[in-house]
Every structure is written in C-alpha cells, then in structure tokens.
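>>> model this:
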Amino acid sequence: MYGVSREPIGLVADSHGRTDLLLKAILLLKGMGVQSIIHLGDICDSLAPLALEDAIAVLQEHDVHAVRGNNEYAILTNHRGAHGDSLPAEVLNYLEELPYVITMGDIRFAHSAPFEWPAATSWPITDNHPLIDLEGIIDCRILFRGHSHSPSIVEMDGPGRKKIPAEAGMTMKLLRNRRYVITVGAIEEASLALFLHEDDEIQFLQL
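Have a look, this model is predicted:
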C-alpha cells in the first residue's frame, strides 16, 4: 500500500527499451509540474535486455515508481537461474523488487490485471473479458494499466459496462459511483496519461 496522495500522477507504460522516449515522457510530465510518476510495466523488451541498464538508471534518477510487466517477468525467468546470471546483479535485483500491483486506497496500478501473480502481467482485459463481467473481481474503483498499447476506458455501472474511446488530448471526469479500467497506452507509440487525483480526472497525452 502506497500513501494515498491527492497530487497529480503521471502514467507511462510499455516503453520496451525506448529509453529516449521514456526520458522524453518523464521530462514532459515534470515540465507540467508532476512530481509522482508510475511506469505500468514493460520497461524493457525481453529480446533486447541490455537496454535495461539505461532504462533503470532513468527511472531511478527521476524517482519513478514501476510495476512488473510480462517482459520483466520473462527476463527474470530467462536470465536468472541454474545457468547463471547473464545480466548485472543490480539490474536483476531491481526487477525482482518490482511489485505486480501498486495500491493507493481504492486505486490499483498494474501492467494488466491487478493480481500478485505472473500470469496477471499478460492477462488481457477486453470488452467481453470475465474480469469486466464479474463486477466483484476487480476489487478497486479504478484500475490503471498498460499492456494493451491503445488508450481506452471501460466504465462499469453495476453489471453494465461501456467502452469509451480515448485518444491524445481527451480529458474525462470520472464518476464516484462508477468503476473504471483505464489503459494509458504505450510510450513506444507516444501515448501517456495524467491522473488529476484531486479532480478525479484523466487526461490522455501524446509525446
């Protein structure tokens, strides 16, 4: 459980080793006065793990929190074990310490589904997915996630649900009596978001 802050929260995801775009996104958010930034996983590409050192250095330098994505899980599975570590220990230790979920009150931040097990990092959430159909499964008011590279909002009202198109430049006020699954888009496709916690408002941005 992280402290429940009412400050704006910058949301980035799926940078997939594009450290140049990751840094650009962080600087954009900080230029807007955002102090709290969360990376929603897939910092790296598991096929190009050497880019991890630079990406982690950027996250640490700018005090960006992060959750574990399916690519981070794949790297830990493939690069640590019986055959010896093929990446620096500090890189693997950083990945090991990444949580699957960050919780702030009734808000969850995850790479895909908000669960503390590896398969949740790549469990798709779509219009007709059981996670959306079973109201009680997502135990939060808002789930912010990455994994799917296209920004989207699914609004739930009891058993009902509505998919709301999302694109750069869009701002939406979230209703207190609804629940939401919000996909912020991928940094490698120039998408990111800003959650104005005090106003319960999401803004979709573009690099």
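>>> I'd like the next helix or strand past the least confident helix or strand in the chain by mean pLDDT.
Scoring the helices and strands of the chain by mean pLDDT, DSSP states H and E places helix 130-133 at the bottom, with a mean of 48. Sequence order places strand 142-145 as the next helix or strand after helix 130-133, per DSSP states H and E.
>>> partner strands of that next one and their direction?
When pairs are called by DSSP bridges, strand 142-145 turns out to pair with strand 107-110 (parallel), strand 179-183 (parallel).
>>> export those as a markdown table, with columns for mean neighbour count, distance to Ser152 and mean pLDDT.
Using the backbone N, CA and C atoms, a C-beta is placed for each residue, glycine as well. As requested, the strands paired with strand 142-145 are exported to a markdown table (neighbours: other C-beta atoms under 10 Å; distance: least, C-beta to C-beta, whole Å; pLDDT from 0 to 100):
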| stretch | mean neighbour count | distance to Ser152 | mean pLDDT |
| --- | --- | --- | --- |
| strand 107-110 | 25 | 15 | 94 |
| strand 179-183 | 23 | 5 | 92 |
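>>> in a markdown table: these, plus distance to Gln203.
Converted to a markdown table, these look like this (distance: least, C-beta to C-beta, whole Å):
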| stretch | distance to Gln203 |
| --- | --- |
| strand 107-110 | 16 |
| strand 179-183 | 11 |
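>>> I'd like to know which of these is closest to Glu61.
When the strands paired with strand 142-145 are compared by C-beta to C-beta, strand 107-110 sits nearest Glu61, at 20.6 Å.
>>> can I get the closest one as CSV, trimmed to CA atoms?
Extracted in CSV, the C-alpha atoms of strand 107-110 (Å, rounded to 0.1, in the frame of the first residue of the first chain):
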residue,chain,number,x,y,z
ILE,A,107,-7.0,2.7,-7.0
ARG,A,108,-4.7,0.0,-8.4
PHE,A,109,-1.8,0.3,-10.8
ALA,A,110,-0.8,-2.8,-12.7
